[in-house]
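Trainee: missing the sequence, but the structure's below:
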């Protein structure tokens, strides 16, 4: 497949280490994000990963792929023939993402095997990025930052939130953004990101995102709602970056005209939290300690009523980023995750100020052995559109 | 919620009729597409649909929704309290879309109930649209057609497939396109649609779409690949329409410079198939009879090697459209679907001509009692870009 031999080995070893601790002797992988992780490309089919012995790539579509371990099949039941007598005692399937019907069908290929959940294995393996993965995220970040540098030039007087968003989408796509973003979890739906202006930032959303927005239509109730950008509004731009299959997450705030003191203070508080958490975010730190520290800073500034939303509050301030936009670790009050070298984490302490809008920034960071590297380096202060 | 009382009743009656024939006394609905169908909006939570008695809307997010039957919950286990002693003998869950883990968790709310699959019930109920749904699709079609009318003016000399696609995306979004498209099925991934130029149309795709394309990156191997549009190429534009939660599907072909006879002949064959199938597509017709008739026309013209792909062939020529882009009925050789009044169907008999590109059109049709209405009416012949 498309991964180099050494890189494939590194990823496989991480997965097998998690398989060993979870006592799962074999995985049958079918989720696109996990197949991409194991092969460097997406195809319709499966990856069979025994804890020892060769990995087999079962391919249904597209035609004409070649490589070691490639076996073409028409339906998953043909996998049984290739595995033959090596039926594992237990089979791990991605039970958190596979549909119930598909999971049962795949389980029936292994009638003698106990069914185990491969989702935590894959999620934990992928949470610790290789140097090659971090380099892909770094490259995505460069393009992402370049797009953001153009945002002040895209604003024109009288624009609505959606009109501005469409121009940012266009610039992103011309920069090479792939458009589609992968997100894990039932019922999560994500377009290219959101531009939230003024009071709309306070509209509660059904989705488990940091911020809300009413959206254009009740069929997709999130993000921009078509209102004109007005003086005294903040414009929060949270457009995602995906230029090579690995993502960066980044938010900046723009404004038209002067803002009240409270909004400026809350924005500075977000920046302060970033700097404070970067000092703490070393291998071994508890994710929930990061959450607590941020909340302490917010409380000390008296900003809790506005923190992570106003009418509705989000329950996390950061999340892993990689092939999907919501990976491990999760920076939340009851998270059990421990920060590790190789984690790539988006931090997004944000505030919603009534009648003004959302403030605060989001950056994507790589946790290195001795330091934290910001992969979305760009000016952090509020930028003002020319009137 | 947001549906009118009568419209809600019509949809509920359709679902309950399918519940009766499937012997499922109660459904717990959690898929966004199905919640939207039952409420006119998306929220995080569930709809409990007993075959008799009041429907209950269990809501986790967003805050502040109101309406008859609304019950706020923090976690699904709280549903048990509201249902109380009325535990159904069997509970229908959407087993074709719910993850295995989520399905088990929801099943545990009903420990005494047999588990049944609600997915076919909902899919079959939704396949027959109400007049209100058809009107929403009709309105989406008007905007969709308007966007397509602008495509010839968007082309500029030297453009790549992706540059043209980005301009179409921009015009779509400014027209009100919501961007996100709902698609059902494990591992299906869809952005706003695809522009396929020249030889790239022949690149086999992992996805179960009518056409392929290499894509910009192996992480999303479908659609435009960044190649310049050259004389003698066809440009197939298959950009989706979603302006109100209901979709239209539409394809037209453009070209730069003269095309070989074979491409022009195949395009005309596609148009002929549309007209022929519209004459047949009445309530009671077997979906597979439509597929056979189309294949007979293709064979009579000697075009089978190019039909629905060249290096890789797709196995269907049409599909239902509505809240999701891949609904029932399916127009495929072994489909058991019977055309019914209220079906909305996208037909897409297409061809890939080596070294030239893809030709053929796609329209979305509503099956009415006495006629078939085209919801994407626009010129069908190949349109030539000004050089």
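Mentor: That came in fine, so what should we check first? The shown structure was predicted, so the numbers you read here are calculated from the model rather than taken from an experiment.
Trainee: so which residues on the stretch 51-200 of chain A come close to chain B?
Mentor: Within reach of chain B by Cβ under 8 Å from any Cβ of the partner chain, the stretch 51-200 of chain A has these residues: A:61-64, A:93, A:95-104, A:117, A:119, A:162-163, A:165-167, A:169-170, A:173-174, A:176, A:178-180, A:182, A:186-187, A:189-192. Every C-beta, even on glycine, is put in place using the N, C-alpha and C of the backbone.
Trainee: repeat the analysis, applying 6 Å as the threshold.
Mentor: When proximity is defined as Cβ under 6 Å from any Cβ of the partner chain, the stretch 51-200 of chain A approaches chain B at A:61-63, A:95-103, A:166, A:170, A:173-174, A:178-180, A:186-187, A:189, A:191.
Trainee: residue A:45: what's it in contact with?
Mentor: A:58, A:59, A:60 (Cβ atoms under 6 Å, 6 or more residues apart in numbering or on different chains).
Trainee: excluding residues flanking it in the chain, which one is nearest it?
Mentor: residue A:59 (4.2 Å; Cβ to Cβ, 6 or more residues apart in numbering or on different chains).
Trainee: pretty sure the one you found sits against residue A:74.
Mentor: No: checked against Cβ atoms under 6 Å, the pair residue A:59 and residue A:74 is beyond contact range at 10.4 Å.
Trainee: who's more crowded, the two?
Mentor: Using other Cβ atoms under 10 Å in any protein chain shown, the more surrounded residue of residue A:59 and residue A:74 is residue A:59, with 23 against 7.
Trainee: just confirm the more buried one is within a helix.
Mentor: No: secondary structure of residue A:59 (DSSP: H, G, I helix; E, B strand; the rest coil): strand, not part of a helix.
Trainee: measure it to residue A:66 for me?
Mentor: Shown here: residue A:59 relative to residue A:66, a distance of 10 Å by Cβ to Cβ, to the nearest Å.
Trainee: can you check residue A:214 too?
Mentor: 49 Å.
Trainee: again with residue A:5
Mentor: In terms of Cβ to Cβ, residue A:5 sits 15 Å off from residue A:66.
Trainee: kindly report the same for residue A:104.
Mentor: From residue A:104 over to residue A:66 (counting by Cβ to Cβ), the distance is 32 Å.
Trainee: of those two, who's got more company?
Mentor: residue A:104 (15 against 7).
Trainee: list the buried ones in the helix or strand that one falls within?
Mentor: Residue A:104 is part of helix A:100-107 when elements are defined by DSSP states H and E. Buried positions in helix A:100-107, judged by neighbour count with 16 or more other Cβ atoms under 10 Å in any protein chain shown: A:100, A:101, A:102, A:103, A:106, A:107.
Trainee: and the helices in the stretch 201-350 of chain A?
Mentor: For the stretch 201-350 of chain A, the helices defined by DSSP state H, counting those that start in this stretch cover A:261-280, A:287-300.
Trainee: contact partners of the first one?
Mentor: Okay, so that is helix A:261-280. Contacts for helix A:261-280 (Cβ under 6 Å, 6+ apart): A:290, A:294, A:297, A:301, A:303, A:306, A:347, A:349, A:351, A:353, A:356, A:359-361, A:372, A:380, A:382.
Trainee: which ones among those residues map onto strands?
Mentor: Cross-referencing the contacts of helix A:261-280 against strands under DSSP state E gives A:347, A:351, A:353, A:359, A:372.
Trainee: distance to residue A:255 and pLDDT added to these, as JSON lines?
Mentor: As requested, the ones in strands among the contacts of helix A:261-280 are exported to JSON lines (distance: Cβ to Cβ, whole Å; pLDDT from 0 to 100):
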{"residue": "A:347", "distance to residue A:255": "22", "pLDDT": "98"}
{"residue": "A:351", "distance to residue A:255": "14", "pLDDT": "98"}
{"residue": "A:353", "distance to residue A:255": "11", "pLDDT": "97"}
{"residue": "A:359", "distance to residue A:255": "9", "pLDDT": "98"}
{"residue": "A:372", "distance to residue A:255": "28", "pLDDT": "98"}
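Trainee: those residues: which ones sit near chain B?
Mentor: Of the ones in strands among the contacts of helix A:261-280, not one also sits near chain B (Cβ under 6 Å from any Cβ).
Trainee: okay, and the beta partners of the nearest residue to residue A:384 once chain neighbours are set aside?
Mentor: Leaving out its chain neighbours, the residue that sits closest to residue A:384 by Cβ to Cβ, 6+ apart is residue A:255, at 5.4 Å. Beta bridges link residue A:255 to residue A:234, residue A:384 when assigned by DSSP bridges.
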